[in-house]
Structures are given as structure tokens and as C-alpha cells.
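*Asks:* just to be clear, the model below is a prediction. Sequence and coordinates:
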Amino acid sequence: MKSSRQNVENLIEGFRNSNSEMIKEMISKYRTLLADLAEFSDVHIETEMLTQLCDIAEKLGGAAKTSGAGGGDCGIVISDHNLKLEKLKQEWEKVGITPLSLKIGEIIANA
């Protein structure tokens, strides 16, 4: 839990500073933390298709992890403008993954 909390704090710092490399690093690290949790708890979190989703995104320069309750159907990819989005979608579609077009919205802080 301590590693997870520190990872999230670093991720927030990455977003605040528009540091895409830090953001990608923290997403990848979180994927590793989830894999460690799965092994420790003997609970299957990353399905074969989610593994493909993440591996393909990472191969193309993004960072990816499962999202939601795990063992299910969702994964997220974070990248900068260098990711070839059409190539990512093509690679995913080859293995049966349906990409969704979601974007991060602007955070509006209360005064």
C-alpha cells in the first residue's frame, strides 16, 4: 500500500508538471505493483487480453495498466503525442480489443 500511495503521489506530480515521461513511468510501475499484488494474493488481475493491450501499448511507446476491479475488461493507456494512435488501434483490433476514445479533462480546482 505504501508503494501504491507513493506511486499515485508521483503520478499526480507528473500531471501537475506536464511531465509525460514521469506519468508513463508511474503507470508502468503501477502495472508492476498490480502484478505483485496478484502474485501475493493469488488473485488473477490481468487477463490475457489485458496483457496484450498493455504489451502492445508499451511496445509502441505508451504506458498501460488494467483499470477497474481487475480480471475484467478494461485497461488504460497513457502516452504523449509521439504514440502512433492508428497503429495502436490496428494492433489492438488484430487481437480483438475495442479501443475507446476517452480523454483527460481539465481539472478545475475550487477556490
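*Replies:* Noted; the coordinates are in hand.
*Asks:* tell me where the protein has strands.
*Replies:* 63-66, 75-78 (DSSP state E).
*Asks:* so which of those strands is the most surrounded?
*Replies:* Per-stretch averages of neighbours, counted by mean count of other Cβ atoms under 10 Å, single out strand 63-66 among the strands of the chain, with a mean of 24. C-beta: built from backbone N, CA, C; applies to glycine.
*Asks:* what's that one packed up against?
*Replies:* helix 20-41, helix 48-59, strand 75-78 (3 or more Cβ pairs under 8 Å, 6 or more residues apart in numbering; DSSP states H and E).
*Asks:* hey, which of these is tucked in deepest?
*Replies:* It is strand 75-78: most buried of these by mean count of other Cβ under 10 Å, with a mean of 20.
*Asks:* contacting residues around it?
*Replies:* For strand 75-78, contacts defined as Cβ atoms under 8 Å, 6 or more residues apart in numbering pick out 23-24, 27, 50, 53-54, 57, 62-67, 83, 88.
*Asks:* if we use 6 Å, what do you get?
*Replies:* Residues outside strand 75-78 that contact it (Cβ atoms under 6 Å, 6 or more residues apart in numbering): I23, K24, I27, L50, L53, A57, G62, A63, A64, T66, S67.
*Asks:* may I have the strands that pair with that strand, each with its orientation?
*Replies:* strand 63-66 (antiparallel) (DSSP bridges).
*Asks:* circling back: now render the helices and strands packed on strand 63-66 as JSON lines, adding distance to G96 and mean pLDDT.
*Replies:* Shown next, in JSON lines, are those (distance: least, Cβ to Cβ, whole Å; pLDDT from 0 to 100):
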{"stretch": "helix 20-41", "distance to G96": "20", "mean pLDDT": "89"}
{"stretch": "helix 48-59", "distance to G96": "7", "mean pLDDT": "92"}
{"stretch": "strand 75-78", "distance to G96": "13", "mean pLDDT": "87"}
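*Asks:* list the buried ones in stretch 90-106?
*Replies:* By 16 or more other Cβ atoms under 10 Å, the buried positions in stretch 90-106 come out as E91, W92, I97.
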